[in-house]
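A.B. asks: show me how the following folds:
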Amino acid sequence: MLCLLLLVAATALVFAGYGRHEIAATAGPRPHCPTAPETRGEGPVAQVDRDGVVRSATPPDGTVALTYDGGPSPEWTPRLLDVLAARHAKATFFLTGSEAAAHPDLVRRIVSDGHELGSHTYTDVDLAQVSATRADLELSFTQNALAASTGLGTRLLRLPHTTGLATLCADQWEAGRRAAGSGYVLVAADGKSVLQLTGSPQAVDETEKLLARPGSTRYTTVGQALGLSGTTYHVSVLAEWKGAAFVQAQNASRGFADAMTWLLVVAGVITAVRLALLLGVARVHVRRTRSRRRGAPRLPPVTAPVSILVPAYNEEAGIEATVRSLLASTYEAIQVVVVDDGSSDRTFEIAESIDDPRVMVVRQPNAGKAAALNTGLAWAHHDIVVMIDGDTVFEPDAVRRLVQPLADRRVGAVSGNTKVGNRQGVLGRWQHLEYVIGFNLDRRMYDVLECMPTVPGAIGAFRRDALAGVGGVSEDTLAEDTDLTMALCRAGWRVVYEESAIAWTEAPSTVRQLWKQRYRWCYGTLQAMWKHRRAVVEGGQSGKLGRRGLLYLLLFQTVLPLLAPLVDVFAVYGLFFQDPGQALAVWLGFTAVQVGTAVYALRLDRERFEPIWTLPLQIVVYRQLMYLVVVQSVVTALLGSRLRWHRMQRTGTATETLERTGAGSGVRPAG
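C.D. replies: Numbering: from 1, shown residues only. Predicted structure coming up:
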């Protein structure tokens with residue numbers, strides 16, 4: 001479906017660009033060229049009979065065929081028609097097909113005023129410089145445009161960029177002969193009996209002066225001047241319908257191209273505003289954080305015991321490292337509840353083998369992550385609850401730092417800082433940059449604007465009474481963490497971000513796993529947004545979530561990603577068929593802004609700058625993949641399909657990386 005849409009978009013752009021001379025444009029008139037040696041006749045109007053004999057004609061004395069090339073144009077055509085009507089003169093208008101399709105009302109007025117129609121090709125192209133196939137298309141497209149607006153066809157043709165027959169280049173004459181062989185009458189100009197004026201405001205003035213001259217000269221059409229019949233003719237109903245469909249297609253293509261131009265501008269402005277907002281608000285968040293650390297008045301530290309819930313399904317590769325990182329916490333008053341959700345591997349046995357009284361292992365039939373968290377909540381002993389994933393490794397001080405914002409009784413939940421542990425390859429680096437630049441910058445903004453939509457499943461702290469107030473963890477969506485966070489906001493609780501509470505997670509190591517994970521995240525987020533849509537019209541903390549958080553998600557995580565493939569198609573079109581220098585400059589400017597943002601975000605998170613070298617490639621490849629995930633998720637939601645739970649296959653590579661680099665013992669991994 002997406003491929004079909006992009007194909008239609010690309011076709012529309014090509015069609016619009018063809019009509020606007022952006023695609024397959026040819027050179028202008030040539031100052032010098034070899035002429036054909038054969039006789040073309042002395043008159044300015046020529047026909048070729050079936051035997052290949054050229055027959056030329058010249059209007060009689062006292063009669064001048066008045067002709068105009070190009071248009072019709074809303075600027076000069078109406079004025080010109082008024083001048084001709086005032087002087088009771090007739091003329092032949094050799095129209096450009098693309099302009100005739102764009103202004104059918106002017107074509108109809110030309111006919112209704114008694115003037116004659118001729119073809120000037122579809123794009124005013126020198127037929128000698130194109131293939132025979134394209135030349136046929138140029139003439140056919142023009143006939144379609146005339147048929148759509150007037151129901152008429154024409155047998156008159158003026159070759160663009162030419163004047164007299166005798167001065168035609170050899171290849172132009174050959175192109176003219178081919179057209180004449182198809183029934184066209186070639187109309188040139190000699191400056192006396194056939195006058196050739198180029199359609200423009202200047203032509204209006206020249207026509208007024210010409211018709212104001214005293215004398216008995218009759219100014220008329222080519223057909224009337226030569227006594228030719230059938231220069232214009234009525235087409236069949238089928239041809240008229242075909243022409244109408246053609247014109248509609250051209251107008252739709254031009255409208256689409258214009259809309260894409262504006263869309264690109266609007267998307268660029270919105271993206272720039274978003275980056276400015278993210279960076280500005282991140283600075284506010286940093287100042288607030290530093291002021292607290294410098295001894296500003298603060299609430300008493302939180303020291304109450306904490307229950308940590310670890311839902312696990314087939315997590316044998318990392319469950320031991322996860323639990324032991326919790327047991328190594330500097331916050332000793334903890335209870336660790338591991339809920340094995342019907343694992344088919346050794347998850348339960350490994351967790352149960354950890355000999356520590358603070359660890360409780362509960363087993364249940366497979367029911368999903370939300371059900372496992374609710375089971376853990378039922379076994380939790382304490383009023384502060386921390387929820388983590390089964391592959392997450394905590395820094396020693398993560399729990400202590402994570403729960404401190406709960407000293408404020410208005411805070412119902414705290415989001416920690418999730419980092420990618422397995423960041424060795426390009427895919428790992430891309431996800432690392434995404435977590436630091438995207439997720440964490442966004443969370444700083446959500447914190448300041450009090451509209452946090454998601455406490456990540458990898459690291460989050462909650463008040464037990466806040467969880468009870470919203471009925472625990474809902475199983476309504478596939479993004480249970482987002483659903484829960486939105487429910488807490490709608491219940492009036494503040495949700496904040498604690499950047500110093502760090503947990504390391506294993507990111508997908510293959511594109512297939514990444515697609516499944518992000519597909520579930522995106523689809524679940526859409527479900528949660530729809531479920532909590534009434535927050536947009538509610539007040540208080542719920543209204544902040546709705547009018548700030550939900551609208552932000554709708555615009556930047558749904559609408560713009562949906563439009564991104566179309567924007568990319570237009571950008572590629574601009575690179576190849578418009579101004580490549582301008583397109584390249586825009587891309588380089590966008591990349592430079594992204595790199596600057598990345599440097600700032602990495603600096604805030606105290607990360608090394610080494611992965612930045614992968615950022616340009618991330619923009620070209622990884623971001624497109626994420627856009628496609630959004631497209632598929634939205635289509636799935638619109639079709640009413642029910643997405644099944646997708647679980648990532650764990651390998652334990654994040655744990656191995658942390659052990660090798662020393663992270664998890666208070667040292668961050670390198671790179």
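
A.B. asks: show residues contacting the helix or strand where Glu99 lies.
C.D. replies: According to DSSP states H and E, Glu99 maps onto helix 97-102. Helix 97-102 has contacts (Cβ atoms under 8 Å, 6 or more residues apart in numbering) with 19-20, 70-73, 107, 119-123, 138, 141-146, 148-149, 246-247, 250-251, 254. In short, each C-beta sits where N, CA and C put it, glycine included.

A.B. asks: quick one, helices of the stretch 301-450 of the chain?
C.D. replies: Per DSSP state H, counting those that start in this stretch, the stretch 301-450 of the chain carries helices over the ranges 319-327, 347-352, 369-379, 398-403, 426-433, 441-449.

A.B. asks: in CSV: these, plus mean neighbour count, mean pLDDT and distance to Ala571.
C.D. replies: Listed next are the helices of the stretch 301-450 of the chain as CSV, based on neighbours: other Cβ atoms under 10 Å; pLDDT from 0 to 100; distance: least, Cβ to Cβ, whole Å:
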stretch, mean neighbour count, mean pLDDT, distance to Ala571
helix 319-327, 23, 95, 43
helix 347-352, 20, 95, 47
helix 369-379, 21, 95, 39
helix 398-403, 25, 96, 42
helix 426-433, 22, 91, 20
helix 441-449, 23, 92, 24
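
A.B. asks: beyond the helix holding Glu99, next helix or strand please.
C.D. replies: Counting by DSSP H and E, what follows helix 97-102 is helix 104-112.

A.B. asks: residues contacting Gln47?
C.D. replies: With Cβ under 8 Å, 6+ apart, Gln47 has these contacts: 54-57, 180, 185-186.

A.B. asks: burial of the closest residue to Val593 other than its chain neighbours, as a residue count?
C.D. replies: Computed as Cβ to Cβ, 6 or more residues apart in numbering, the closest residue to Val593 that is not its neighbour in sequence is Leu275, at 6.2 Å. For Leu275, the count of nearby residues is 16 (other Cβ atoms under 10 Å).

A.B. asks: my guess is Leu275 meets Thr597, correct?
C.D. replies: Yes: between Leu275 and Thr597 there is a contact under Cβ atoms under 8 Å: 5.8 Å.

A.B. asks: let me know the helix or strand that Gln517 is in.
C.D. replies: Residue-wise, Gln517 maps onto helix 511-531 under DSSP H and E.

A.B. asks: next, the angle from that helix to helix 426-433.
C.D. replies: 30 degrees (axes from the mean of the first three to the mean of the last three Cα atoms, to 10 degrees).

A.B. asks: coming back round to it: and the contacts of helix 97-102, which of them are buried?
C.D. replies: Neighbour-count burial (16 or more other Cβ atoms under 10 Å) is assigned, among these, to 19-20, 70-73, 107, 119-123, 138, 141-146, 148-149, 246-247, 250, 254.

A.B. asks: pull the longest helix from this structure.
C.D. replies: The residue-count maximum for a helix in the chain (DSSP state H) belongs to helix 237-293.

A.B. asks: show me what it packs onto, helices and strands only.
C.D. replies: If contacts are counted by 3 or more Cβ pairs under 8 Å, 6 or more residues apart in numbering; DSSP states H and E, helix 237-293 sits against helix 2-19, helix 97-102, helix 132-150, helix 441-449, helix 560-577, helix 580-604.

A.B. asks: buried residues in the helix or strand following the longest one?
C.D. replies: Counting by DSSP H and E, the next helix or strand C-terminal to helix 580-604 is helix 615-617. By 16+ other Cβ under 10 Å, the buried positions in helix 615-617 come out as Leu615.

A.B. asks: show residues contacting helix 615-617.
C.D. replies: With Cβ under 8 Å, 6+ apart as the test, helix 615-617 has contacts from 426, 433, 591, 594-595, 598.

A.B. asks: need the CA coordinates for stretch 275-293. CSV is fine.
C.D. replies: Output in CSV follows, covering the C-alpha atoms of stretch 275-293 (Å, rounded to 0.1, in the frame of the first residue of the first chain):
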residue,chain,number,x,y,z
LEU,A,275,14.6,21.7,17.9
ALA,A,276,14.7,25.2,19.3
LEU,A,277,12.0,24.2,21.9
LEU,A,278,13.9,21.0,22.9
LEU,A,279,17.2,22.8,23.3
GLY,A,280,15.7,25.8,25.1
VAL,A,281,13.6,23.7,27.5
ALA,A,282,16.6,21.3,28.0
ARG,A,283,18.6,24.3,29.2
VAL,A,284,15.8,25.2,31.7
HIS,A,285,15.8,21.6,32.9
VAL,A,286,19.6,21.6,33.4
ARG,A,287,19.5,24.8,35.4
ARG,A,288,16.8,23.4,37.6
THR,A,289,18.8,20.2,38.2
ARG,A,290,22.0,22.1,38.9
SER,A,291,20.3,24.4,41.3
ARG,A,292,19.1,21.4,43.3
ARG,A,293,22.5,20.0,43.4
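
A.B. asks: only the buried residues of that stretch, if you could.
C.D. replies: Counting neighbours by 16+ other Cβ under 10 Å, one finds that the buried residues in stretch 275-293 are 275, 278-279, 281-282, 285, 289.

A.B. asks: give me the below-cutoff pLDDT ranges for the stretch 251-400 of the chain.
C.D. replies: 291-298 (pLDDT under 70).

A.B. asks: one more time with 50
C.D. replies: The model of the stretch 251-400 of the chain has no residue with pLDDT under 50.

A.B. asks: still on that earlier bit, of all the helices of the stretch 301-450 of the chain, which lies closest to Arg87?
C.D. replies: With distances scored as Cβ to Cβ, the stretch of those nearest to Arg87 is helix 441-449 (69.2 Å).

A.B. asks: which helices and strands does that closest one pack with?
C.D. replies: Using 3+ Cβ pairs under 8 Å, 6+ apart: helix 441-449 touches helix 237-293, strand 494-505, helix 580-604.

A.B. asks: alpha carbons of that helix, as CSV, please.
C.D. replies: These are the backbone C-alpha positions of helix 441-449, laid out as CSV (Å, rounded to 0.1, in the frame of the first residue of the first chain):
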residue,chain,number,x,y,z
LEU,A,441,15.8,15.4,25.3
ASP,A,442,12.0,14.8,24.9
ARG,A,443,11.8,13.8,28.6
ARG,A,444,13.5,16.9,29.7
MET,A,445,10.9,18.9,27.8
TYR,A,446,8.0,16.8,29.1
ASP,A,447,9.3,17.4,32.6
VAL,A,448,9.4,21.1,32.3
LEU,A,449,6.1,21.3,30.6
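
A.B. asks: contacting residues around that helix?
C.D. replies: In this structure, residues lying in contact with helix 441-449 by Cβ under 8 Å, 6+ apart are 277-279, 281-282, 284-286, 288, 415, 452-453, 495-497, 499, 544, 548-549, 597, 601, 604.

A.B. asks: count the neighbours of Ala244 for me.
C.D. replies: Neighbour count for Ala244, taken as other Cβ under 10 Å: 16.

A.B. asks: isn't it right next to Ala148, touching?
C.D. replies: Yes: counting by Cβ under 8 Å, Ala244 does reach Ala148; the two are 4.5 Å apart.

A.B. asks: returning to what we had before: tell me which two of the contacts of Gln47 sit farthest apart.
C.D. replies: Greatest spacing in those, by Cβ to Cβ: Ala57 and Ala180 (13.1 Å).

A.B. asks: any common contacting residues for these two?
C.D. replies: 46-47.

A.B. asks: any idea how far Ala179 is from Thr330?
C.D. replies: According to Cβ to Cβ, to the nearest Å, Ala179 and Thr330 sit 88 Å apart.
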